[in-house]
Structures are given as structure tokens and as C-alpha cells.
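# Here is my input, please return the structure:
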Amino acid sequence: MLKKLRVALAILFWLGITLLFLDFTGALHGYLGWMAKLQFLPAVLAVNVGVIVGLVLLTLVFGRVYCSVICPLGVFQDGISWLRAHKDKKAYTYKKEAKWLRYGVWAVFVIALVAGIHVIVTVLAPYSAYGRMVQNLLQPVYLWCNNLFAGMAERAGSYAFYEKEVWLRSLPTFLVAVVTLVVIVILAFRGGRTYCNTICPVGTTLSFFSRFAMFRPMIDESQCVRCHSCEHKCKAQCIEITKERVHIDHSRCVDCFDCIDTCPKGGLKYRFAWGGKTPGQAGSDKGQAGSDKGNVVPDADGASRRAMIAGTVAMVGAAALKGVEARAQGAAKKVDGGLADILPKQAPERETPVTPPGSQSVKDFYRRCTACQLCVAECPNNVLRPSGSLDRLMQPEMSFEKGFCRPECTRCSELCPAGAIRKIGREEKTQYHIGTARVNPDLCLEATGQSACGKCAQICPSGAIQLVSSGEHRIPAVAEEVCIGCGACEYLCPVRPISAITVNGRTQHI
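Got it, this is the predicted structure:
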């Protein structure tokens with residue numbers, strides 16, 4: 001019964017968070033957004049004390065059910081390990097805890113979080129890793145299916161669906177997502193929860209509390225016949241059955257309850273575990289330290305080291321390939337009516353990155369952002385995309401080659417679970433100054449006298465751009481105190497490949 005309840009809740013959370021990343025209409029975040037806010041690291045960065053205390057208390061009472069129910073990456077690994085368990089009934093055996101790796105990664109993560117080394121934080125964060133995989137690998141398939149239905153509906157005279165452009169937002173982020181998926185699948189198939197118990201910093205943090213949980217799976221040694229059924233079923237590889245003792249490492253147990261129903265004698269129960277031990281447990285625990293010394297199993301350590309090396313190689317390779325992506329985009333051309341080649345727009349070099357309305361400042365935004373890609377997946381205007389810069393790799397930034405930040409849209413501020421984008425209303429957004437437009441007169445069609453344009457002045461929603469006379473020509477002039485940095489002028493500027501008017505971010509938003 002416990003396992004069925006756990007599986008049902010896990011599927012509910014996993015489907016909800018996955019659909020949250022897939023949805024591009026904005027229809028679901030009002031119903032499912034709370035699931036993202038329950039994730040541990042975003043709650044820490046958002047200083048959401050209620051959620052943090054709630055998750056710690058949940059762990060102290062029931063153990064690491066967060067990892068097997070609420071964390072989408074954990075549930076995903078359970079699905080992979082389930083395939084392995086059906087293929088091999090003796091899929092898992094006890095593996096000694098790789099303490100040096102587990103706590104070493106945790107220490108590196110905490111230091112990186114405090115020091116602001118965001119690349120390490122975003123790569124290791126489990127919720128962010130899952131979000132990147134869904135946004136980069138699954139959402140394009142979802143959009144292609146949507147576009148197929150949209151085409152079929154249009155031919156039938158219905159507009160129940162509408163097409164959505166599918167495009168690669170960031171090659172480095174895509175490659176990191178691919179490598180993450182491969183590493184997670186291999187580790188989960190070979191070792192169940194190896195990633196959770198050797199690499200994941202959230203799992204290690206909760207393990208400090210789970211070893212003191214009020215309710216835990218406990219083995220009655222007097223009834224144990226050493227059949228190893230529970231050991232072979234444990235995907236956390238934390239149940240040790242030997243002639244000398246039986247033992248569960250509760251710091252690594254994720255309370256999946258897979259082991260409960262496997263005991264033929266009913267000697268393994270999920271029960272109240274304070275104030276004493278089950279019969280025979282005390283004697284077996286005395287020899288834990290001595291028996292652990294000679295029980296070194298290199299497989300989990302080796303797999304974890306390979307995972308870390310693969311992740312590092314992915315980050316370095318992704319950064320190097322950023323330049324290749326930019327050159328490929330610059331070389332591509334579109335043909336307009338068969339008469340002219342129109343170069344696609346390219347992102348200009350910005351002195352300061354542009355971050356979304358609702359972020360207090362550029363520094364605060366990148367300090368809190370976990371690079372989960374939820375705002376990127378949900379942005380209806382194609383403005384947000386992952387950064388390729390090493391100092392903020394995979395964290396979102398705004399760019400205006402494919403759209404501009406419409407004044408009426410506040411979707412990203414409504415769903416950010418980490419507090420990097422504060423929730424704001426439409427009226428408040430019009431007062432947010434996230435950037436300032438700047439004109440390059442050497443490129444401007446009006447300033448050079450090539451054409452009577454003025455589109456930037458016509459489209460500016462805040463009225464910050466006016467055409468002023470300068471000799472024989474007119475030049476767009478920007479009132480910086482009025483400009484909100486929405487990017488409409490940059491997006492609609494007809495100059496290619498770099499717009500004649502570009503937006504630079506404001507360090508502090510007002």
C-alpha cells in the first residue's frame with residue numbers, strides 16, 4: 001500500500017512538472033506552478049522559509065521521500081531503474097558509501113553557491129538538470145506534434161491549435177542537456193540511485209536529516225533468513241545483508257518502499273524508529289564500522305567519477321561550440337520573394353546583459369537563478385534564451401532577434417520558483433527600466449539618408465524614441481529616462497544582421 005501511494009504521488013509530481021516545462025500557452029502554470037516552488041534549491045535561493053522548513057520536517061519524520069516523490073529527476077531515475085529491475089531480478093547489491101566523493105561534491109557545490117560560481121551550481125542542481133533536459137530535448141518534439149495538429153486543424157477550418165516556431169536557443173545548453181541525459185540514464189540503469197547518493201547536493205543535504213527520521217524501513221534480524229531479496233530490490237544500494245549482520249544506510253535510503261513487500265518472512269517494515277532497535281539489530285550494528293572497512297566496491301565510485309568527468313568535458317565543449325553556432329547563424333540566409341537575400345538578425349555585443357522585468361538587478365538575478373529553463377520554455381515572445389557566456393552559462397538572458405518583451409506579458413515573473421524574477425503586475429511592468437536603447441548612426445537608414453524609416457519611433461511603446469533633425473537627415477534620439485528596454489525597436493529595425501538600434505541592460509532596475 002505504501003509503495004502504491006508513493007508511486008501515485010511520484011507520477012503526479014513528475015507529470016505536473018514535465019507538463020509545466022512543455023506548456024507554451026501559459027495555461028498550466030497557474031495550476032502547476034506550485035510544484036516548481038516546492039523544489040529544494042529554488043526554495044533556498046528564494047529564501048522561501050516555509051518550504052525549506054516543511055521539506056526538512058518532512059525528511060525528519062518520513063525520511064527522504066522528497067527524492068522519491070517531489071524531485072522530478074529522482075522520479076525519472078526510478079523509471080530507468082524499474083526497467084533494469086524487470087530485466088534482472090538481482091539488479092542491485094549493497095555498495096559502500098563513497099564518502100569522499102559524496103561530501104566532496106557537496107562541499108564544492110556549497111562553496112560555488114556562496115562564491116557565485118554559477119556554472120557549477122546550475123550543472124549539479126537536480127531540478128535544473130531535469131528542466132534543461134525537458135526544455136531542450138522533449139519540448140521540441142512536443143512543439144512539432146503541436147504544429148502537425150495545427151496544420152491538420154487549419155485544413156479542416158479550425159484554429160484550435162496554432163503553430164509555434166521550433167528553434168535552437170543555445171547550442172551549449174543543448175549539448176549539456178544531452179550529456180546530462182546520457183549520464184543520468186547510464187548511472188540509473190547500472191546503479192539505480194548512484195547519482196542521488198554520490199553527486200546530487202540536494203540528496204546529500206537531506207541525508208543529514210534522514211538518518212534521524214522518525215519513520216524508517218527497519219529489518220528484524222531475528223526473522224531475516226539472508227535471502228537477499230530486499231538487497232537486490234534496493235535501487236539506493238543501501239541494504240547490506242551478510243552472515244554477520246543486516247543493515248540499512250538510512251542516509252542513502254530514499255524511502256521508495258520497493259523492499260517492503262519483497263521480504264518472504266515479513267521481517268522488513270516501515271515503522272516508528274525512535275527509542276530502540278528491532279530484535280537483533282543492536283548486535284548487528286556494533287560491527288558496522290569494522291565490516292565497512294573491507295567492503296570497498298569500486299563500481300559506484302568509478303561510475304560517479306566518469307559522470308563528473310563527462311559533465312566537465314560537456315561544459316568546456318559547449319563553451320567552445322558557442323562560436324561555431326554564431327558563425328553558422330551568420331552564414332545562413334533567407335530568400336524573400338526570390339529577389340533578395342535577407343540576412344537573419346544576430347545578437348549584438350551588449351555592455352550589460354538584459355534580464356527580465358521583475359529581477360531586482362542583474363547581479364541579483366544571476367545570483368538566484370538556477371538555470372532550470374522554465375522561463376525560457378514558457379516565454380511566448382522568444383525573447384529569453386540561455387546564455388553562452390562562461391560566467392553565466394545556461395542562465396537566461398534577453399535578446400531581441402525573434403521578438404520583443406511585450407509590455408502586457410508577465411508570464412516569467414509568475415512562474416520563477418527561485419525568486420530571481422519577482423512577481424509583478426502589468427502596470428508595474430511598464431515602470432520597470434531593464435535596459436536602454438542606443439542608436440548607431442553609422443548603421444541607421446534615417447541617419448545615413450539611405451531611406452526614410454522611423455520604425456523605432458513608431459513602435460516604441462513608451463514613446464522614448466523621437467526623430468530629430470540633424471543637418472540634412474533625421475536621427476532617432478532616445479530619452480533614457482523613459483526607455484524601458486523592451487527591445488521592440490531592436491527587433492523591428494530593418495537593418496541586418498546587427499540592428500542599428502540595440503538595447504543594453506541596466507545594472508540596477510528601477
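# Output the below-cut-off pLDDT ranges for the stretch 51-200 of the chain.
Within the stretch 51-200 of the chain, no range satisfies pLDDT under 70.
# Show me where it has its helices.
Here the stretch 51-200 of the chain has its helices, by DSSP state H, counting those that start in this stretch, at 65, 72-87, 99-115, 118-124, 126-133, 139-155, 171-191, 194-198.
# which residues does Y432 contact?
357-358, 424, 484, 509-510 (CB atoms under 8 Å, 6 or more residues apart in numbering). Backbone N, C-alpha and C define where each C-beta goes, glycine included.
# that older thread, can you say which of the helices of the stretch 51-200 of the chain is nearest to F365?
With CB to CB, the closest approach to F365 among the helices of the stretch 51-200 of the chain belongs to helix 118-124: 10.7 Å.
# Mind giving me the packing neighbours of the closest one?
If you count contacts as 3 or more CB pairs under 8 Å, 6 or more residues apart in numbering; DSSP states H and E, helix 118-124 packs onto helix 99-115, helix 298-331.
# Contacts for that helix, please.
Against helix 118-124 from outside (CB under 8 Å, 6+ apart): 105, 108-109, 112-113, 128-129, 176, 180, 199-201, 311, 315, 366-367, 369-371, 390-395.
# make it 6 Å
The contact list for helix 118-124 (CB atoms under 6 Å, 6 or more residues apart in numbering) reads 109, 112-113, 128, 201, 311, 371, 393-394.
# Can you add neighbour count and distance to I184 and give those back as CSV?
Formatted as CSV, these follow (neighbours: other CB atoms under 10 Å; distance: CB to CB, whole Å):
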residue, neighbour count, distance to I184
F109, 23, 17
A112, 18, 20
L113, 19, 21
S128, 26, 13
P201, 23, 15
G311, 19, 11
A371, 28, 17
L393, 22, 19
M394, 28, 16
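# farthest-separated two in those?
P201 and L393 (17.9 Å).
# Among the contacts of Y432, which one has the most neighbours?
Using other CB atoms under 10 Å as the neighbour test, these are led by P357, with 27 neighbours.
# low-confidence ranges in this structure?
In the chain, residues with pLDDT under 70: 275-342.
# domains of it?
Per automatic domain parsing, the domain ranges recorded for the chain read 1-330, 332-505.
# Which parts of the stretch 301-450 of the chain are helices?
Under DSSP H, counting those that start in this stretch, the stretch 301-450 of the chain gives helices at 362-368, 374-378, 411-415, 426-429.
# got a list of contacts for the first one?
When you say that, I think you mean helix 362-368. 45, 355, 359, 392, 395, 418-420, 505, 507.
# Buried residues, it. List them.
362, 364-366, 368 (16 or more other CB atoms under 10 Å).
# between those residues, which is nearest G463?
Looking across the buried residues of helix 362-368 and measuring by CB to CB, the closest to G463 is V362, at 25.3 Å.
# And the strands in the stretch 351-500 of the chain?
384-386, 396-398, 435-439, 465-470, 473-478 (DSSP state E, counting those that start in this stretch).
# Please tell me how far the fourth one is from the chain's geometric centre.
It stands for strand 465-470. 44 Å (CA atoms, centre = their mean, to the nearest Å).
# Parallel or antiparallel, which strands does it pair with?
strand 473-478 (antiparallel) (DSSP bridges).
# So what angle separates the directions of the partner strand and strand 435-439?
170 degrees (axes from the mean of the first three to the mean of the last three CA atoms, to 10 degrees).
# Mind listing residues that contact strand 473-478?
437, 439, 441, 446-447, 449, 456-457, 464-468.
# among those, which two are most distant?
Going by CB to CB, the pair spanning the contacts of strand 473-478 furthest: G449 and A464, at 23.6 Å.
# ok, those two, which is more surrounded?
A464 (23 against 12).
# what would the contacts of strand 473-478 look like in a markdown table with distance to K87?
Below are these laid out as a markdown table (distance: CB to CB, whole Å):
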| residue | distance to K87 |
| --- | --- |
| A437 | 59 |
| V439 | 64 |
| P441 | 67 |
| E446 | 68 |
| A447 | 68 |
| G449 | 73 |
| C456 | 61 |
| A457 | 66 |
| A464 | 63 |
| I465 | 64 |
| Q466 | 70 |
| L467 | 70 |
| V468 | 73 |
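# so which of those comes closest to R496?
Closest to R496, out of all of these and judged by CB to CB, is C456, at 14.8 Å.
# pretty sure the closest one contacts A464?
No: the pair C456 and A464 fails to qualify as a contact (CB atoms under 6 Å) at a distance of 9.5 Å.
# among the helices of the stretch 301-450 of the chain, which is nearest L187?
helix 374-378 (24.4 Å).
# from the chain's centre, how far out does the one helix or strand G33 maps to sit?
Using DSSP states H and E, G33 sits in helix 29-37. Helix 29-37 sits 14 Å away from the centroid of its parent chain (CA atoms, centre = their mean).
# In that helix, which residues are buried?
Residues of helix 29-37 classed as buried: 29, 32-33, 35-37 (neighbour count, 16+ other CB under 10 Å).
# The closest residue to G435 other than its chain neighbours and I219: what is the separation?
Spatial nearest neighbour of G435, excluding adjacent residues (CB to CB, 6 or more residues apart in numbering): G485 at 2.6 Å. Going from G485 to I219 by CB to CB, to the nearest Å gives 61 Å.
# What of A273?
Taking CB to CB, one finds A273 at 11 Å from I219.
# More neighbours: which of those two?
For A273 versus I219, the count of surrounding residues by other CB under 10 Å is larger for I219: 24 against 19.
# bridging residues for the residue nearest to the more buried one when sequence neighbours are not counted?
Spatial nearest neighbour of I219, chain neighbours left out: V246 (4.8 Å); criterion: CB to CB, 6+ apart. Here V246 sits in beta bridges with I241, as judged by DSSP bridges.
# and V246, how many neighbours does it have?
For V246, using other CB under 10 Å, the count is 24.
# Over to T180?
24.
# Pretty sure it sits against A129.
Yes: counting by CB under 6 Å, A129 is a contact partner of T180 at 5.2 Å.
# so where do the strands sit in the stretch 201-350 of the chain?
Using DSSP E, counting those that start in this stretch, strands in the stretch 201-350 of the chain cover 215-219, 239-241, 246-248, 268-272, 334-336, 340-342.
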